[in-house]
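[1] My questions are about this predicted structure, shown below with the sequence.
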Amino acid sequence: LVQLWNTANQEERVASLRKLIDIIDDVKISNRIKGGQEILKDLDPYYYPVHFPRTWNETFSALPVEGKTEVFEKLFKALPQAEQNAVMGSLM
């Protein structure tokens, strides 16, 4: 998710964040998510060392905004609960 997030532009990041808030569907959590431009910055890929084919970034970059948010949703839902919690924790 970090690598894909970093390839997304600001508009796509906002759309992905909104999708995540919809997925969480818990006002107590979504109200704690940080606001402003700080939350939309690039994430440090070295903090999350994952190796994957470069073509994934290329394919992801070519998708429209709706396609990107769909990919984020599927990847987020595929994560174990502990990883989902880490993603949400990084937003608070």
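    All right, it came through fine.
[2] Now Leu75: closest residue in space that isn't a chain neighbour?
    Leu1 (5.5 Å; CB to CB, 6 or more residues apart in numbering). Where you see a C-beta, it was placed from the backbone N, CA and C, and this is true even at glycine.
[3] From Leu43, how far out is the one you found?
    Per CB to CB, to the nearest Å, Leu1 is found 8 Å from Leu43.
[4] Could you double-check that Phe52 lies in contact with Gln3?
    Yes - with contact defined as CB atoms under 8 Å, Phe52 reaches Gln3; the gap is 6.9 Å.
[5] which stretches of this structure have low pLDDT?
    The chain contains residues with pLDDT under 70 at 35-36, 47-49.
[6] Against Met92, how distant is the residue of the chain most remote from its centre?
    Residue farthest from the centre of the chain, counting by CA atoms, centre = their mean, is Lys28 at 19.4 Å. Plainly put, Lys28 is 11 Å away from Met92 if you go by CB to CB.
[7] what does Leu17 give?
    In terms of CB to CB, Leu17 sits 12 Å off from Met92.
[8] Give me the more crowded residue out of these two.
    It is Leu17, of Leu17 and Met92, that has more neighbours when counted by other CB atoms under 10 Å, with 19 against 10.
[9] which SSE is Glu11 in?
    Per DSSP states H and E: Glu11 is located in helix 10-24.
[10] List the buried residues of that helix.
    Residues of helix 10-24 classed as buried: 12-13, 15-17, 19-21, 24 (neighbour count, 16 or more other CB atoms under 10 Å).
[11] repeat for stretch 44-62
    Quick answer for stretch 44-62 (16+ other CB under 10 Å): Phe60.
[12] Using CSV, write down the CA coordinates of that stretch.
    Extracted in CSV, the C-alpha atoms of stretch 44-62 (Å, rounded to 0.1, in the frame of the first residue of the first chain):
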residue,chain,number,x,y,z
ASP,A,44,8.6,6.4,4.0
PRO,A,45,8.9,3.1,2.0
TYR,A,46,11.9,2.1,4.1
TYR,A,47,9.7,1.8,7.2
TYR,A,48,7.7,-0.8,5.3
PRO,A,49,10.2,-2.9,3.4
VAL,A,50,8.2,-4.8,0.8
HIS,A,51,9.4,-6.0,-2.6
PHE,A,52,7.1,-6.3,-5.6
PRO,A,53,7.2,-6.1,-9.4
ARG,A,54,7.8,-2.6,-10.7
THR,A,55,5.0,-3.2,-13.2
TRP,A,56,2.5,-3.0,-10.3
ASN,A,57,3.3,0.7,-9.9
GLU,A,58,3.1,1.2,-13.6
THR,A,59,-0.3,-0.6,-13.8
PHE,A,60,-1.6,1.3,-10.8
SER,A,61,-0.5,4.7,-12.1
ALA,A,62,-2.4,4.0,-15.3
